[in-house]
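Colleague: Got a predicted structure plus its sequence, pasted below:
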Amino acid sequence: MSGEREKNAAAWIEDCLMQEYTLQQILSEKPSGEVFLWQHKRLQNRLILRRCVAAPEVYQRMLGIVHPNLPRIYEAVEVDGKLLVLEEYIDGSLLSEQMGSLVGKREQVRQIGLSLCDAVCCLHQLGIIHRDIKPENIMTDHTSGRIRLIDFTAARCKKGPGFENCDTVCLGTAPYAAPEQFGVTQTDERTDIYAMGILLNILITGRHPSQEICRGRMGRIIRRCIRINAAERYASAGQLKNALWNL
């Protein structure tokens, strides 16, 4: 899409929102972008408008994708260095708000892990690395009870052979970020595996693996996820799912 067409599309989105929708709430305001909740004046359905600095190809690859553990992306256009994204509103609560109640509940955490594996598998099949899997980016959908992985502003599309040896921009949240996210090498699917291992451990024990690692078979799975050497981790979310499924 040319720059002029993108500007026209962005103008159409904003005009449509102003005419047909009511701004309900500003959900987030950060230097990297803003997130707004809009509600249709007649139908009462809600959607999210995201203005952010992000990789446009990530959201463009997600257009039209329907997956039970991911939000639908309705439109994504880049204008003046920022991305304008229309996406599904999820009526739910963040996993970060539920963490205290999950400590010690291995089966519940295992089910969360299985759902996340499905979401991440879909992203990886699209060539997308999330790079910021953490409780603040995971929701429990109140309608379906499903786990939904959200916020792809730190995500990028996987690069093939011949590209630079490390990521040019270090993104992610430090406690969950794999070593390669700090400019050591190129991030890939195993970067998300690392974050999921950290997450599973924190959900079960209430602590980062550097403080305490879960015991038993789940602990062995977590240890493999968080290997410093990416080659020693599970190679895919599918492999991790199989390990969790067979616990």
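Modeller: Sure thing, it's come through.
Colleague: Now do whichever helix in the chain runs longest: which elements does it pack against?
Modeller: Ranked by number of residues, the top helix in the chain under DSSP state H is helix 106-125. Helix 106-125 is packed against helix 99-102, strand 147-149, helix 189-205, helix 216-225, helix 237-245, with contacts defined by 3 or more CB pairs under 8 Å, 6 or more residues apart in numbering; DSSP states H and E. All C-beta atoms are positioned from the backbone trio N, CA, C, and that covers glycine.
Colleague: how about 10 Å then?
Modeller: Applying 3 or more CB pairs under 10 Å, 6 or more residues apart in numbering; DSSP states H and E, one finds that helix 106-125 contacts helix 56-62, helix 99-102, strand 128-129, strand 138-141, strand 147-149, helix 189-205, helix 216-225, helix 237-245.
Colleague: care to break this protein down by domain?
Modeller: 3-88, 92-245 (automatic domain parsing).
Colleague: and the ones you listed, which is most packed in?
Modeller: Neighbour counts (mean count of other CB atoms under 10 Å) averaged over each of the domains of the chain peak at domain 92-245, with a mean of 18.
Colleague: Compute the first-to-last residue distance for it.
Modeller: One end of domain 92-245 to the other measures 25 Å (CA to CA, to the nearest Å).
Colleague: who are the neighbours in contact with Leu247?
Modeller: Contacts here follow CB atoms under 10 Å, 6 or more residues apart in numbering; on that basis Leu247 touches 106-107, 110, 113-114, 216-218, 220-221.
Colleague: Could you do Ala76 as well?
Modeller: Here Ala76 is in contact with 6, 9, 13, 50, 54, 56-63, 83-87, 152 (CB under 10 Å, 6+ apart).
Colleague: Select the longest strand from this protein.
Modeller: strand 21-30 (DSSP state E).
Colleague: Name the residues that touch it?
Modeller: Against strand 21-30 from outside (CB under 10 Å, 6+ apart): 17, 34-53, 89, 151, 153.
Colleague: Apply 8 Å and report the result again.
Modeller: 17, 34-41, 46-48 (CB atoms under 8 Å, 6 or more residues apart in numbering).
Colleague: same check, this time on stretch 86-94
Modeller: Here stretch 86-94 makes contact (CB under 8 Å, 6+ apart) with 13, 37, 45-50, 71-76, 135-136, 138-143, 148, 150.
Colleague: One more pass at 7 Å, please.
Modeller: 13, 37, 46-50, 71-75, 135-136, 138-143, 148, 150 (CB atoms under 7 Å, 6 or more residues apart in numbering).
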